[in-house]
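Asker: okay, predicted coordinates and the sequence, questions at the end:
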Amino acid sequence: MSKLELGVCYYPEQWDRSLWRDDAERMVEMGLDWVRIAEFTWGLVEPARGQFNWAWLDDVIGILGEAGLRVMMSTPTASPPKWLIDEHPEILPVDSDGRVRGFGSRRHYCFSSNVYLTEAQRIATEYARRYGQNPHVHAWQIDNEYNDHDTVLSYSTAARDGFRRWLSDRYGTIKILNQTWGTVFWGSVYSNFDQIELPNGLVANPNPTHALDFMRYSSDRVRLFNRAQVDILREFSPGRDITHNFMAGSFEFDHHAVAKDLDIVGFDSYPLGNLLGSTLSDDDKRRYLRTGAPDYQGFHCDLYRSQGNGRMWVLEQQPGPVDWASKNPSPADGMIRLWTWVAYAHGAQAVMFFRWRQAKYAQEQFHTALLRSDGSIDQAAIELAQVAAERAALPPTERNRAQVAMLLDYPSIWAADILPHDEDFPNAHIAREWYAALRSLGVDLDFLGPDDDFSGYALIVIPQCMIVSPELATKLKGCDARLLIGARSGSKTENMHTPGNLAPGLLEYLTGVKVLRVESLPDLAGESVRLADDTTHGFSGWREILETDATVTAHFSSKYRDGSPAIVRSDKATYLAVVPRSSLLKSVLQEVLDWAKIPVLDCCPDLRITRRGKLGFAFNFGDTEHCLPASETRNYLVGSSLIPPCGVSIWVGETAN
C-alpha cells in the first residue's frame, strides 16, 4: 500500500440499526476505505457467560462490506463485562495507593491477572473463529490503547505474585537479587522471594533496581497479553494484518518489544489534546493553540513507522475538539486536512478518523466526529472530502530511509523517572525537543531501538540513554554513523548501578570522557555555555563535570569550575555534559549536522518540509503565509510555492533543501 487510505472508527451499537446502511453508503461517498469496529463490544456479544449474540454484529459487517468498505475488526478485551467482574473481582487493577479501580468505564483489568489472560484468550478465540475468515474483515486491532488511564502498572495481589515469580526466574537465588539490588543499603535484605512486595506505599523512594525491575516485569506482561491474542489471530485469521493502537506520548511499556509481534504499528493522534501538557513555552502554546505543535504528528509517525518497519497507521485522528484534556479548543479550519497529509508524508499508510458520529450520551458527548450527533456533517468531513480528492493526484510512493536516526530506549526513560536527581529533568521530553529542533532544520529522521539495525545512517543522535548494555555499546562502536550523545547516557548499568569506570560507562571509549560529578541547577543560577564561535547560551538543570583528553568544543561559564568542558568531541562521538534546550540545542545540532556533512534548511518556526519518496511536502502551522524558495524542478500537485496559514503544498521534484 503506497497511496493514502482513509478510514473511520464506527460504533454502530450506539445507534439505531435503521441508520447502519445509510451510514455505510455515506462513508463510501466521502471516500473512506476502512471502518474500525467492535473494540468495546464484549458485553454486547456475550451478555452472560457462554451466551452469544452475534446477529447484530454479523449484520453490521455484512452491511459495511457490501457497501465496499474493508473492516478492521477488534478484539474486545479493553472492556470486560460486568458479569465477568462479578465472577472474578480479582481481575480489577489496583492503583499505587492500593485502591481497586472499579467497573463502569474501561480498561478495568490488571495485566498480571492470569485469570483475565485466560478470559481474554477465550473471547479473542470466539471473535477470531467467528470473523477470522469473513471476506469483509481485512485486518484486526487487538484491545485498545494499552496504557490509557495509567493502567500498565497495577499493584494487585496478582501483580505481586507474578513479580515474585519473574524475579525468581531472572535472578535464580535471593542472594543474587540482594547483591544486584544492593539491599544492604538501608538494611533491606530479603531471605526469600516471597518477602518481596511491590514498590508502592513506601515511606521513602523505593530501591531503584526494585522499581526498574517492576517496570520491566509490567512491560513484559503487556507483551505477553498482546502476543497471546496475536497467536490466536494468526491461527484463525491467517493473512490478515494485526495491529494495536499505541497512545502518542506513552512510554510506560516497551513499544519496541510489543511492535515486534504486530504487522502494522498503529497509534492514536490528538495534537490539540496533548498540547497543553507539553514542554512548549506558554507563548508557543498560545501560538499553536489551534494547530498543535508543528512536530507532534511527525514525531509519533516517525517513531511508530520505524517500529513497524515502514508499516504505520493512524488509527484515531483528532477530528475537532476532544473532551478529555484540561481545555479543549477547536482546530483551525484546514488542520484536519493538514494533519492527515503530515501523517502520510511521514509514512502513514492509512489514517482513520475518530469517530463517525458524535455520541449523544455517555462519557464522550463533547468529543467531535465527522458527523454531529444529528447526522449533519462537521468540519472534519469537509476536510476529509478534500483529502480524498487530492490523493487522486499523487503517484504511489514510499518513505525512504533517513540519513539521521534517533535512538530511543524505554528502560532508560523509566530509569530516569525512578532516579531523577533533577525533579525537572525533561526525560522523555528530551527526545521530542531534539526531534523538533532537527525538523526545524529540515532534517528527516528515523527512530531506532537498541536491538535495531544501525547501518546506513550518517548520524545517530542519542538524547538520553541512561542504560547502555554491552551489546548496545558494541553496536554503536561498530556502526559507520557519527554519534551525538546526550548527558546522562551510559550513567547506569542494566542493574541501575554506577559503572565501575564511572559514567558514561561503556561509552567512555567512544567519547573519551569520564563524568566526575553531576549537579542540577535552578533557573536562578544564571549559568551559560560558551560555544566555539564565542556565542553564549543560558542553561539550567543537569550539568556534568568531565575529565577528558578529547577535543573540547564548548565550555561552561560558571562560578563553579568556570571553563570546564560542556561539549567534547572524539573522532566518533560528540558528548554533551549539559541538557541543551531552546537556542543552545539548535546551535549544538546545527554544528553536529555540519560535522556529519548533513545539509540543513533553517525553516521559519511555523513551516515544516519533508519528503516521501519522489514527493515533497510543506506544511504551514502559522497564521501568516510563507513562500518556498523558487525552483524550476518543483512540479506542484497540491498547492503552490505560496503556502497559506494551515496550508499544504505537495510536489514532485526536489525538496527545498
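Answerer: Okay, I see it.
Asker: so how far is stretch 86-103 from its chain's centroid?
Answerer: Relative to its chain's centre, stretch 86-103 lies at 27 Å (Cα atoms, centre = their mean, to the nearest Å).
Asker: hmm, who's touching stretch 187-197?
Answerer: Contacts with stretch 187-197, where a contact means Cβ atoms under 8 Å, 6 or more residues apart in numbering, come from Arg160, Phe163, Arg164, Arg165, Leu167, Ser168, Ile174, Leu177, Asn178, Thr183, Asn207, His210. Any C-beta I mention is one placed from the backbone N, CA and C, and that applies to glycine too.
Asker: correction: the previous question concerned stretch 74-85.
Answerer: Contacts to stretch 74-85, defined as Cβ under 8 Å, 6+ apart, come from residues 36-43, 45-49, 91-92, 103, 106-109, 116, 119-120, 123-124, 127-128, 140-145, 229, 233.
Asker: pull out the buried members of the residues you listed.
Answerer: Among the contacts of stretch 74-85, those classed as buried by 16 or more other Cβ atoms under 10 Å are 36-42, 45-46, 91-92, 106-109, 116, 119-120, 123-124, 127-128, 140-145, 229, 233.
Asker: strands - which of these land there?
Answerer: Counted as lying in strands by DSSP state E, out of these, are Arg36, Ile37, Trp140, Gln141.
Asker: among the contacts of stretch 74-85, which ones are in helices?
Answerer: The members of the contacts of stretch 74-85 that map onto helices under DSSP state H are Trp42, Gly43, Val45, Tyr116, Glu119, Ala120, Ile123, Ala124, Tyr127, Ala128, Gln229, Leu233.
Asker: how about those residues, which pair is most distant?
Answerer: Greatest spatial distance among the ones in helices among the contacts of stretch 74-85 (Cβ to Cβ): Gly43 and Leu233, at 21.1 Å.
Asker: how close does Met406 sit to Leu601?
Answerer: Separation of Met406 from Leu601 (Cβ to Cβ, to the nearest Å) stands at 19 Å.
Asker: then Gly613?
Answerer: As for Gly613, its distance to Leu601 is 18 Å (criterion: Cβ to Cβ).
Asker: check Leu476 too.
Answerer: Taken as Cβ to Cβ, the span from Leu476 to Leu601 is 28 Å.
Asker: the two: who's more crowded?
Answerer: Leu476 (24 against 14; other Cβ atoms under 10 Å).
Asker: so what's the more buried one scoring on pLDDT?
Answerer: Leu476 carries a pLDDT value of 98.
Asker: which residues touch it?
Answerer: Going by Cβ under 8 Å, 6+ apart, Leu476 touches Phe454, Ile460, Leu483, Leu507, Leu510.
Asker: right, and the pair among the residues you listed with maximum separation?
Answerer: Greatest spatial distance among these (Cβ to Cβ): Phe454 and Leu507, at 14.4 Å.
Asker: ok, the two, which is more surrounded?
Answerer: Using other Cβ under 10 Å as the criterion, Phe454 and Leu507 rank with Leu507 on top: 25 against 18.
Asker: which residue packs closest to that one, ignoring adjacent ones?
Answerer: Once flanking residues are discounted, Leu507 sits nearest to Gly490: 4.0 Å by Cβ to Cβ, 6 or more residues apart in numbering.
Asker: got a markdown table for the contacts of stretch 187-197, with secondary structure and pLDDT too?
Answerer: A markdown table is the format used below for the contacts of stretch 187-197 (DSSP: H, G, I helix; E, B strand; the rest coil; pLDDT from 0 to 100):
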| residue | secondary structure | pLDDT |
| --- | --- | --- |
| Arg160 | helix | 98 |
| Phe163 | helix | 98 |
| Arg164 | helix | 98 |
| Arg165 | helix | 98 |
| Leu167 | helix | 98 |
| Ser168 | helix | 98 |
| Ile174 | helix | 98 |
| Leu177 | helix | 98 |
| Asn178 | helix | 98 |
| Thr183 | coil | 98 |
| Asn207 | coil | 98 |
| His210 | helix | 98 |
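Asker: just the buried ones from those residues?
Answerer: With burial judged by 16+ other Cβ under 10 Å, the buried subset of these is Arg160, Phe163, Arg164, Leu167, Ser168, Ile174, Leu177, Asn178, Thr183, Asn207, His210.
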